[in-house]
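**Q** I'll drop the sequence and a predicted model, then ask my questions.
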Amino acid sequence: MGRLSLRVVALGYLTLILIGPLAMMVWRTAEDLDGAWAAITDPDTVAAFELTLKVAAIAVAVNTVFGIVCALVIVRGNIRGRGLLNAFIDLPLALSPVIVGFALIALYGVNGWFGWFQRNGFEILFATPGIVLATIFVTLPFVAREVVPTLREIGTEQEQAAQTLGASGWQTFWRITLPSIRWAVVYGVVLTTARAIGEFGAVALVSGNIAGQTQTATLRVEDAYQFAYGNYAPAYGISFVLAATAILILVLMIVLQPKGTRH
Amino acid sequence: MLGRAVATVLTLAVGVAVAVAATTAAAAEKSSKAATLNLVAYSTPRPVLTKLIDEFRKTPAGQDITIRASYGASSAQGQAVANGLPADGVILNTGNDINDLVDKGLVSPKWDRQSYNGVVWNSVVVFGLRNGNPKKIKGWNDLTRPGVQVVTVNPFTGGIAKWNILAGYVAQRRLGKTDKQAVNYLRTFYENNVVSQDSSGSNATNTFLSGKGDALLTFESEAINGKIPYVIPRQTMLIDVYIAAIEKSRNKAEWNAFSRFLKTYPAQKILAENGYRPVNERALAEFRKRFPVRPGETTITNKLLGGWRAVDKKWFDPNRSIMQGIEQSLGVSTG
Amino acid sequence: MTTFLLVIVVLPIAAVIWKSTGNGWAGFWEVVSSPQAVAALKLTLVISTLAVLTTAVFGTVIAWVLVRDSFRGKSVVNAIIDLPFALPTIVAGLVIMALYGPRTPLDVTIGSFHVDADVTFTRGAIYVALLFVTLPFVVRTVQPVLIELDRELEDAAKSLGAGGFTTFRRIVLPAILPGILSGVAMAFARAVGEIGAIVLIAGNLPFKTEVASIHLFYRIEQDPEGSAAIAVVLLAISFGVLLGIGGLRWFVTRHERG
C-alpha cells in the first residue's frame, strides 16, 4: 500500500473530521470579535468560568487522593476483590453522563435515598455540591488508570528495602512510592482537569442552571447558543476560550507523556 | 493499617470538600439582604424577566428582595422543582407543568384563584416568515401545501409545540372538519411539511434564523424578539403563561409582592413593549394595535380541548397518545 | 477498604436500578418497549456501531502513518489527535456545526441545483459527532503496539515474497488486533453515552435523530421512573461493553498465555 496514499487518507480524514471544523470555528469567532468578546467578558460568563475552575480544582484534589489509594490497593493490596475494583474503576468511563446525573437525582433529590439533605435545607442538588459530585464521579478513573501501570512496573524492591531499614509505612509511601509515581500522577491530573472542565450532560441535569451562580462554562455555552437568535458569535466566543484551554491541556499532555508511549 | 489510615483521610477529604462547597454557598446566601426569592421559569422570557426583576427592585415593595432566577425548558424546570430545585414560585408555559406540581403537593390546587386565573401574560401562535413571504403563507392550509417547509418544536420537550399542535387542530375543527380529519391534517402536516423539531422554542428560532424552512411555528413573543416577520393565522390559540407560588416557600409574602407587581400596569407595559400580550386591561387597551385579536382565537378551556389535564393525556402522553402515534408513524415511513 | 471504594462507584448505579423498579416489571417493560424508546435505542446502537467501525479503520490507518511514516508537521498531527479528549463535548458540537451546519462554506449552488455539507437535523450529524469524539480511542491503543512491533517478522515475510497487503493481513493485523479491539470497545461505550456533542446539532427528532441518551435526558423531566428503566438498559449496554473488552482481549491474546 503506497505510503503516500496512506498518508493522504489519514490526513484527509483528520482534516474532514477534526482540523476543518476547528479551523472553521476559529474563523467564525474572528468574524465577529466584538460579539465574541462581549460574551466572554459578560459577568455571568466570568462567573461560569470561575465556577468551572473551582469545581475542577475540588474534583482534581479528591480524585488524586482517591486514584493513588485505589492504585495502591489494586497493585499492592492483598485483599480479595481488588480485581473487581480494577474493573469497576473504569465504570465511569463507560457510563453516559446522563445516567450519572440521573443517578445523583435518584440519590440526593428530595425523593432520593439521601433526600433528607435536600428536604432540610442542605442544598446538594441544584447547587455547587451537586455539580462537584457529578464532576468527581465522571473524572474518577483517570489518576488511578495512570498510576496502576506505573506502580506495577516499578516493583516493590525499593519499598521493601526501605522497610527493612526501619522506615514506617507512611515514610515509605511519602519518600519512596510517591516520588516514583509522580509523573503518572501529574499526567492523570491533567486528564482529570480536562474532563472536569468539559463535563456537560451530568451537570446539565443537576445544576439548576442559575446564571451567575450554578452555571458552569459548558452550560454557559449552551445558554449562549439557546439565546443566540441566529447570532452565534457569543457561543463561538465562549467555545473558543474553552477550546484554547483544551489545546493548552493538550500541550501539557504531550510534554508530560510518560516515556513517549501511551498506556 | 496504611489502607485504613488512607481510607479515613479519603472520607474526610470528600466530606470536607462537600461541606466547604455547601457552606460557601450558604454563607453567600446569608450575607445577602432581607429576603432572597427563587424564581424558576421557562427559558424564552429571560430577557424580559430580567428587566422586570430590575424594575421590581426599584419599587418600595421590592427594594430589599433579591431574586435568583433559573431558566430552562418548562417541563424540565417543573421536574427540577419536584426534585428539590429551590423555588418560591414558578412561571411556566404549559398547564400540565403546573398540574404536575399540584399533584405533587408543591403548588396549591387553588393556585388559579388569583387575579387573571393565574395567567401572568399571554401570547398567540403565529407563523414566522421569510422576508417578503415569498411562499405567500397566510393560513393553516398554506402550511400543508407541497414544498412548504415548516420549523417547529418537539412536543415532548418544548411547551411551545403543544400550543402549536392544539392550534392546528382547533383551526381545522373550526373550519368544519371532524376530529378524525383534524388529526389527519396534523399527521399529513408532520409527514410532509415539518422539516425540523427542535428541543425548545429558542432552538427552533435559531434554526429558522440560520436559513432552514419557509415558516416557523412559534409564539408571537418569540417572533417579535427574533425580529422575524410573522402572520397571525385567523384561527389561533391564545397562549396562557402561568404563574404560581410554591407551597413550602418561606417567603410567601415576598413572592406575592413580586407576583402582584408583575400584573400591575407598569410591569405589564414592559411586557407589551417586549412582545408579550399583557393581561392587565389598561396595558392591553394601550397596545391593542400591536396585539390584534383574531376572530378565531381559542383558549385551552374551549370545549374542543377541555382543559390541560384532558389535553395532556389525550395528546401528549409519551407512551400512548395522538402525538406519540404521529411521531412514530413519521419514523416508520422514513425509516 | 475495598468495600468503601466499591461503594462509591456502585452506589449511584444501585440507585438508578432501584428507581427503575418503581413501577414493577410491567411498568419497566412498558417503558422500555415503547416505540419511541425502542427507536432511540436502535438508533443509538446502529449509529454507534457504524461510527466505531469507521473510527477503527481510519484510526488504524492514522496510527500506522504516525508510527511508520515521517513528514513535516507529524508531531503536531500526533498532538491534535487527543483534542477530542480534551475538548468539552458541547464545544465539539459547535465546532462540528461550524463546518457542517447551516452556514457551511462547503456549499455548491448552480442555478437550482444545490448541495451542501449541512448535516444538522439528520443522522449524518450524529455520525460525524461520534466520529469526532471517538477519534483518539483506536489511534491511541494501536500506536504503542505498532511501536513495539518487531519489524523483523515483516521483513522476513517480505523477503519470502509476500506482498504488502499479505504481510499486513498475516503479521501486523493479528498483532495489533487486541489494540484495535480495546479501542473499539472504549469508543463504543463512549459513543453510546454521548450527549454533549449531539444535543445541539442533531435536532432530536423523535424516531429520526433522537438517540437513547437524548431521549433519556429529556424524559427525566417528565417521567422519572420510566426514564430509570431506559437508563438501566443503557447501563446494561455499558456493562456489556466493559465485559466485552475483557472477554475479547482475553480471547485474542490467549496464545500469549500458552
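**A** The structure has been received and is ready for your questions. Residues are numbered from 1 along each chain as shown, chains lettered A, B, ... in the order given.
**Q** so where is chain A shaky, pLDDT-wise?
**A** A:1, A:81-82, A:257-263 (pLDDT under 70).
**Q** which residue does it have closest to chain C?
**A** A:Ser96 (2.8 Å; CB to the nearest CB). Bear in mind the C-beta positions are built from the backbone N, C-alpha and C, glycine included.
**Q** list the residues that contact that residue.
**A** If a contact means CB atoms under 8 Å, 6 or more residues apart in numbering or on different chains, then A:Ser96 has A:201, C:192-195, C:213, C:216, C:234, C:238 as its contacts.
**Q** next one: A:Gln213
**A** Under the criterion of CB under 8 Å, 6+ apart, the neighbours of A:Gln213 are A:47, A:51, B:68.
**Q** repeat that with 7 Å
**A** When the contact criterion is CB atoms under 7 Å, 6 or more residues apart in numbering or on different chains, the partners of A:Gln213 are B:Arg68.
**Q** so which bits of the stretch 201-335 of chain B are right by chain A?
**A** Where the stretch 201-335 of chain B comes near chain A, counting by CB under 7 Å from any CB of the partner chain, the residues are B:202-203, B:205-206, B:209-210, B:226.
**Q** hmm, try it at 6 Å
**A** For the stretch 201-335 of chain B, the residues in contact with chain A (CB under 6 Å from any CB of the partner chain) are B:202, B:206, B:209-210, B:226.
**Q** which parts of chain B are strands?
**A** Assigned by DSSP state E, the strands in chain B fall at B:35-42, B:65-72, B:89-92, B:119-129, B:150-153, B:194-198, B:215-219, B:230-231, B:235-245, B:296-298.
**Q** give me the contact list for the fourth one.
**A** The list of residues contacting strand B:119-129 from outside it, by CB atoms under 6 Å, 6 or more residues apart in numbering or on different chains, reads B:137, B:163-164, B:167, B:215-216, B:218-221, B:223, B:228-232, B:236-241, B:243, B:262, B:271, B:276-277, B:279.
**Q** try the fifth one
**A** Contacts made with strand B:150-153 from outside it, assessed by CB under 6 Å, 6+ apart, are listed as B:143, B:160-161, B:164, B:193-194, B:196-198, B:201, B:204, B:207-208, B:212-213, B:215-217.
**Q** now swap in the shortest one and tell me
**A** Contact partners of strand B:230-231, identified using CB under 6 Å, 6+ apart, comprise B:126-128, B:138, B:223.
**Q** any idea which of those residues is closest to A:Ile131?
**A** Nearest to A:Ile131 among these, counting by CB to CB, is B:Ala223 at 35.1 Å.
**Q** what about that closest one, distance to A:Phe49?
**A** Using CB to CB, to the nearest Å, one gets 33 Å for the distance from B:Ala223 to A:Phe49.
**Q** the two: which is more packed in?
**A** A side-by-side neighbour count of B:Ala223 and A:Phe49, using other CB atoms under 10 Å in any protein chain shown, places B:Ala223 first with 23 against 18.
**Q** OK, contacts around the more buried one?
**A** Residues near B:Ala223 by CB under 6 Å, 6+ apart: B:126, B:128, B:230.
**Q** ok, now how distant is the first one from chain C?
**A** Taken as CB to the nearest CB, to the nearest Å, the spacing of B:Val126 relative to chain C amounts to 22 Å.
**Q** number of residues surrounding that residue?
**A** Should you count by other CB under 10 Å, B:Val126 turns out to have 25 residues around it.
**Q** and it, what are its bridge partners?
**A** Legend: beta-bridge partners of B:Val126 under DSSP bridges are B:Thr218.
**Q** try the last one
**A** As for beta bridges, B:Tyr230 partners with B:Gly128 under DSSP bridges.
**Q** how close does it get to A:Ile238?
**A** Distance, B:Tyr230 to A:Ile238, using CB to CB: 30 Å.
**Q** more crowded one of those two?
**A** Using other CB under 10 Å, the more surrounded residue of B:Tyr230 and A:Ile238 is A:Ile238, with 29 against 20.
**Q** look at the more buried one and give its secondary structure.
**A** Put simply, A:Ile238 is helix when judged by DSSP: H, G, I helix; E, B strand; the rest coil.
**Q** state the helix or strand in which the residue in the stretch 151-258 of chain C that chain B sits nearest to lies.
**A** Here the residue of the stretch 151-258 of chain C nearest chain B is C:Phe207; by CB to the nearest CB that distance is 2.3 Å. Using DSSP states H and E, C:Phe207 sits within no helix or strand.
**Q** backbone dihedrals for it, please?
**A** When read as degrees, to the nearest 10, the backbone of C:Phe207 gives phi 70, psi -10.
**Q** wait, it sits on C:Ala39?
**A** Yes. The pair C:Phe207 and C:Ala39 passes the contact test of CB atoms under 6 Å, sitting 4.7 Å apart.
**Q** in the stretch 151-300 of chain B, which residue sits closest to chain C?
**A** Among the residues of the stretch 151-300 of chain B, B:Ser210 lies nearest to chain C; the distance is 3.7 Å by CB to the nearest CB.
**Q** okay, now the unreliable bits of chain B?
**A** Across chain B, the stretches falling below the confidence threshold (pLDDT under 70) are B:1-33, B:331-335.
**Q** okay, which residue is most central for it?
**A** Compute the mean C-alpha point of chain B, and by CA atoms, centre = their mean the closest residue is B:Asn93, 3.0 Å away.
**Q** skipping adjacent residues, who's closest to that residue in space?
**A** Distances taken as CB to CB, 6 or more residues apart in numbering or on different chains put B:Gly159 closest to B:Asn93, at 4.1 Å, once the chain neighbours are dropped.
**Q** mind checking how far that neighbour is from chain A?
**A** According to CB to the nearest CB, B:Gly159 and chain A sit 14 Å apart.
**Q** now swap in C:Glu154 and tell me
**A** Using CB to the nearest CB, which is the criterion applied here, C:Glu154 is 13 Å from chain A.
**Q** what helix or strand is that residue on?
**A** Using DSSP H and E, the secondary-structure element containing C:Glu154 is helix C:151-159.
**Q** buried ones in the longest helix seen in chain A?
**A** Ordering each helix of chain A by length in residues (DSSP state H) puts helix A:43-76 first. When neighbours are counted by 16 or more other CB atoms under 10 Å in any protein chain shown, the buried residues of helix A:43-76 are found to be A:45, A:47-49, A:51-56, A:58-75.
**Q** list the residues that contact C:Glu30.
**A** Listed by CB under 6 Å, 6+ apart, C:Glu30 has no contact partners.
**Q** what secondary structure does it sit in?
**A** Local secondary structure at C:Glu30 is given as helix here, using three-state DSSP.
**Q** on that earlier part again, what's the longest helix of chain A packed up against?
**A** When contacts are defined as 3 or more CB pairs under 6 Å, 6 or more residues apart in numbering or on different chains; DSSP states H and E, helix A:43-76 packs onto helix A:82-89, helix A:128-138, helix A:141-154, helix A:178-198, helix A:217-226, helix B:2-30.
**Q** and chain A, is stretch C:115-130 touching that?
**A** No. Remark: stretch C:115-130 sits outside contact range of chain A, by CB under 6 Å from any CB, the gap being at least 7.1 Å.
**Q** now that stretch: average pLDDT?
**A** For stretch C:115-130, mean pLDDT is 85.
**Q** find the nearest non-adjacent residue to the residue of the stretch 151-263 of chain A found nearest chain B, please.
**A** Across the stretch 151-263 of chain A, the shortest distance to chain B (CB to the nearest CB) belongs to A:Gly230, at 2.9 Å. On the basis of CB to CB, 6+ apart, the spatially nearest residue to A:Gly230 that is not a chain neighbour turns out to be B:Leu209, at 2.9 Å.
**Q** report how many residues lie close to that neighbour.
**A** Using other CB under 10 Å, the number of residues around B:Leu209 comes to 20.
**Q** surely it meets A:Ala228?
**A** No. Taking contact to mean CB under 6 Å, the distance of 8.1 Å between B:Leu209 and A:Ala228 leaves them out of contact.
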